[in-house]
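Asker: what follows is a predicted structure for the sequence shown.
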Amino acid sequence: MTMIGNNLHQIHARLDQACVDAERAPGSVALLAVSKTFGPDAVYEAALAGQRDFGENYIQEAVEKIAILREMAWPPGHAPLRWHCIGPIQSNKTRLVAEHFDWAQSVDRLKIAQRLSDQRPEGLAPLQVCLQVNPDGGAAKSGVPPEEALALAQEIALLPNLQLRGLMAIPEEGADFAAQYAVHRRVRLLFDSIAASGAPGLAAFDTLSLGMTADLEAAVHAGSTMVRVGRGIFGKR
């Protein structure tokens, strides 16, 4: 087994144990491999080990990587990769995201969502979107304030070429499990309130993207359905 394959095995074991501890079904939390700054060969190695979903922060770097990986030799029957944009999306990069990604998890403005919808090519499935929220008010963090999230979600859910799937957050790093759990739980409660709002376009509102290498256990206990792991899979950048 390769280093990346072994790391993936260990992360899945951590996820399964976290699910058991939280009285959730093992395998019920998806794993997003954060491959930013790592080259196509690292992604290829992870994909051969069974990983399908990859997250990228730097859009131009990601587009180049996606193109290279499409041309690489794959075993027969290998499932296509799914690409998630998890970094800030500026107006001049929306077309690249709309054309090359399957998910955009970092949408926090209606203007960006509208451009993604307008620029999604015909023939592609709707772009799967998460609304990024800033649960702890960190000045260096992107994301809509929690009190504005429902109104923004209601507007984004009506855009024709997007499918609003849930919430994503990157909170400040907590000092311990209790602190990590508390901030993740706030996002979970916000998620629940939006899901229960009855607003149109929320039929597929099922994704809570929370937790990274250091705090995935707390995120799983809080209700995360997808954790984003980079260092734990690929090593230090």
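Answerer: The structure has been received and is ready for your questions.
Asker: residues contacting the residue nearest to residue 161 when sequence neighbours are not counted?
Answerer: Nearest residue to residue 161, sequence neighbours excluded (C-beta to C-beta, 6 or more residues apart in numbering): residue 120, at 3.8 Å. Yep, even glycine has a C-beta here, placed from its N, CA and C like the rest. Residues in contact with residue 120, defined by C-beta atoms under 8 Å, 6 or more residues apart in numbering, are 98-99, 126-127, 161-162.
Asker: distance of the nearest residue to residue 75 once chain neighbours are set aside relative to residue 31?
Answerer: Leaving out its chain neighbours, the residue that sits closest to residue 75 by C-beta to C-beta, 6+ apart is residue 48, at 7.5 Å. With the distance defined as C-beta to C-beta, to the nearest Å, residue 48 ends up 15 Å from residue 31.
Asker: residue boundaries of the helices in this protein?
Answerer: 3-21, 40-48, 59-71, 94-100, 110-119, 146-156, 177-195, 216-222, 231-234 (DSSP state H).
Asker: what does the last one contact?
Answerer: For helix 231-234, contacts defined as C-beta under 8 Å, 6+ apart pick out 4, 7-8, 10-11, 33-35, 38, 42, 46, 51, 213, 237.
Asker: got it, and the fifth one?
Answerer: Residues outside helix 110-119 that contact it (C-beta under 8 Å, 6+ apart) are 89, 91, 94-95, 97-99, 104, 107, 127, 129, 152, 155-156, 159-162.
Asker: between it and helix 146-156, how big is the angle?
Answerer: 20 degrees (axes from the mean of the first three to the mean of the last three C-alpha atoms, to 10 degrees).
Asker: could I get the average pLDDT for helix 110-119?
Answerer: Mean pLDDT, helix 110-119: 98.
Asker: and it, what's buried?
Answerer: 112-113, 115-117 (16 or more other C-beta atoms under 10 Å).
Asker: reformat the residues you listed as CSV; add distance to residue 66.
Answerer: CSV is the format used below for the buried residues of helix 110-119 (distance: C-beta to C-beta, whole Å):
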residue, distance to residue 66
112, 20
113, 22
115, 20
116, 17
117, 21
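Asker: between these, which sits nearest residue 82?
Answerer: residue 116 (16.5 Å; C-beta to C-beta).
Asker: roughly how far apart are the closest one and residue 109?
Answerer: 11 Å.
Asker: equivalent analysis for residue 159, please.
Answerer: 13 Å.
Asker: make TSV out of the contacts of residue 120 and add distance to residue 145.
Answerer: Shown next, in TSV, are the contacts of residue 120 (distance: C-beta to C-beta, whole Å):
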residue	distance to residue 145
98	26
99	30
126	26
127	24
161	26
162	21
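Asker: list buried residues within the residues you listed.
Answerer: So, by 16+ other C-beta under 10 Å, the buried ones in the contacts of residue 120 are 98, 126-127, 161-162.
Asker: could those go into JSON lines alongside distance to residue 226?
Answerer: As requested, these are arranged in JSON lines below (distance: C-beta to C-beta, whole Å):
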{"residue": "98", "distance to residue 226": "21"}
{"residue": "126", "distance to residue 226": "18"}
{"residue": "127", "distance to residue 226": "16"}
{"residue": "161", "distance to residue 226": "22"}
{"residue": "162", "distance to residue 226": "18"}
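Asker: farthest-separated two in those?
Answerer: 98 and 126 (10.6 Å).
Asker: residues shared between the contacts of those two?
Answerer: With C-beta under 8 Å, 6+ apart as the test, residue 98 and residue 126 both reach 120, 161.
Asker: re the thing from before, how much space between the residue nearest to residue 75 and residue 81?
Answerer: Distance from residue 48 to residue 81, by C-beta to C-beta: 11 Å.
Asker: those two: which is more packed in?
Answerer: residue 81 (20 against 14; other C-beta atoms under 10 Å).
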